[in-house]
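Engineer: here is the input, now give the coordinates:
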Amino acid sequence: MDLGVICRLTQEGNPFNVVAANGMKTAQLVNWRINMLTDELAEKTIADLKESGVRLAAYWAGYSGRVVWNAVDGPVTCGLVPADLRAKRVEDLKKGADFAKKIGAPAIVTHCGFIPESPRSQEYVETVNAIYEVAAYCAGLGIGFWFESGQETPLTLLRTIEDLRLPNLGINLDTANMILYGRGNPVDALDVFGPWVRNLHIKDGVFSTNASTLGHETAVGQGKVDFEKVIRKLYALNFDGELIIEREISGPQQLCDIIRARDYIQALVDLCRPLE
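Structural biologist: Predicted coordinates:
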C-alpha cells in the first residue's frame, strides 16, 4: 500500500516534486479545466513524473458546468445524473480519458453524481447508460473507469457496477465522503463493495447535523473514520492499491496536515500488516 497525495495539473512547475520531497511514491492527478488537456501539457506531465520519480496512480477527471457540493443542489448539478449537463460531460470525460491514456494513467476517476437508488427509475437507466458510454470508451483505450464513492449509497454503487458489466470498472474509496454526505461509513462500505476498490482517498470528517449542508472535513485522525479498521479490512481483501491523501484546504496548513496524515497512516499500515 503505497502512500501518495493528490496533485493538480499545472502548466507551471512540477507538481510532483512536493510528493517526492515528502517521501511519498505516488500521486493522483486532478484537473477540472478541459481546455488544459493538450498534447503539450501531456508531454510536460510525463516529463514531470520522470523527473520526480513519482508513479501516477490515476487521473481524476473533472467536467464542465456548475457543481454544488451539498445534498440539496448536488443531485441536480453533480456528475452524469443531471440530464441537461449529461451529454457535454460525457464528452468532457472522454477527453479526460484520452489525456489519461497519453500520460500513462491506469484509469480515470470521477464523481458520477447522486446515482438514483431506484433501479426502476428512468433517471437511473439514463445515468447508467451515460456512465456506460464513458466507461466503455475507457475500456477501448485500455484504461480503467473508477467511481469516487460517497454521493451514492454503497449498495447503489455496487448495483451500478453490476448492471454495467464492464471489465475495467473499479472504485476510488473516499474514506470521508460517505460520512460527509451521510451515506454511511467506509468500514461497512468495504463489506458491500470491497473487492471493487482500486485505490483510496485518505480523508477524514464528521457527520452533518444540518440536512442542507455536508458534514465537515477534518484533519486525518480527528474525524469519524476508523482508519485502523479500514486498513485491516483492506489487508483482508488483499488490496494492493494506493492510499492517496487528500486535504481540501489551502495554505501552509494543508501540507502540515498531509505530512501528519502520512505518518499516521504509515504507522497503521505497518501495525496492521499481517505476519508472513
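Engineer: how about the helices in the stretch 1-150 of the chain?
Structural biologist: Counting by DSSP state H, counting those that start in this stretch, the stretch 1-150 of the chain has helices at residues 17-21, 39-52, 83-103, 122-141.
Engineer: in CSV, list these along with mean neighbour count, mean pLDDT and distance to Ile265.
Structural biologist: To be clear about C-beta, it is placed using only N, CA and C from the backbone, and glycine gets the same treatment. Below are the helices of the stretch 1-150 of the chain laid out as CSV (neighbours: other CB atoms under 10 Å; pLDDT from 0 to 100; distance: least, CB to CB, whole Å):
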stretch, mean neighbour count, mean pLDDT, distance to Ile265
helix 17-21, 16, 95, 15
helix 39-52, 16, 98, 21
helix 83-103, 19, 98, 26
helix 122-141, 18, 98, 29
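Engineer: wait, which of these is closest to Asn31?
Structural biologist: helix 83-103 (7.6 Å; CB to CB).
Engineer: what is the distance between the closest one and the centre of its chain?
Structural biologist: Chain-centre distance of helix 83-103: 16 Å, with CA atoms, centre = their mean, to the nearest Å.
Engineer: next: stretch 120-134.
Structural biologist: With CA atoms, centre = their mean, you get 20 Å for stretch 120-134.
Engineer: ok, now stretch 70-85?
Structural biologist: Relative to the centre of its chain, stretch 70-85 is centred 18 Å away, using CA atoms, centre = their mean.
Engineer: same deal with stretch 179-194?
Structural biologist: Averaging C-alpha positions (CA atoms, centre = their mean) puts stretch 179-194 14 Å from its chain's average.
Engineer: could I get the buried residue list for it?
Structural biologist: Buried residues in stretch 179-194, counting neighbours by 16 or more other CB atoms under 10 Å, are found at Ile179, Leu180, Tyr181, Arg183, Gly184, Asn185, Pro186, Val187, Ala189, Leu190, Phe193, Gly194.
Engineer: still on that earlier bit, for Leu271, find the nearest of the helices of the stretch 1-150 of the chain.
Structural biologist: Ranking the helices of the stretch 1-150 of the chain by distance to Leu271, with CB to CB as the measure, places helix 17-21 first at 23.6 Å.
Engineer: ok, now which ones touch Leu173?
Structural biologist: Ser149, Pro186, Ala189, Leu190, Val197, Asn199, Leu200, His201 (CB atoms under 8 Å, 6 or more residues apart in numbering).
Engineer: among the residues you listed, which lie within helices?
Structural biologist: Pro186, Ala189, Leu190 (DSSP state H).
Engineer: and the first one, what is it in contact with?
Structural biologist: The one in question is Pro186. Listed by CB under 8 Å, 6+ apart, the contact set of Pro186 reads Leu173, Asp174, Thr175, Met178, Ile179, Val225, Val230.
Engineer: let's see 7 Å
Structural biologist: Leu173, Thr175, Met178, Val225, Val230 (CB atoms under 7 Å, 6 or more residues apart in numbering).
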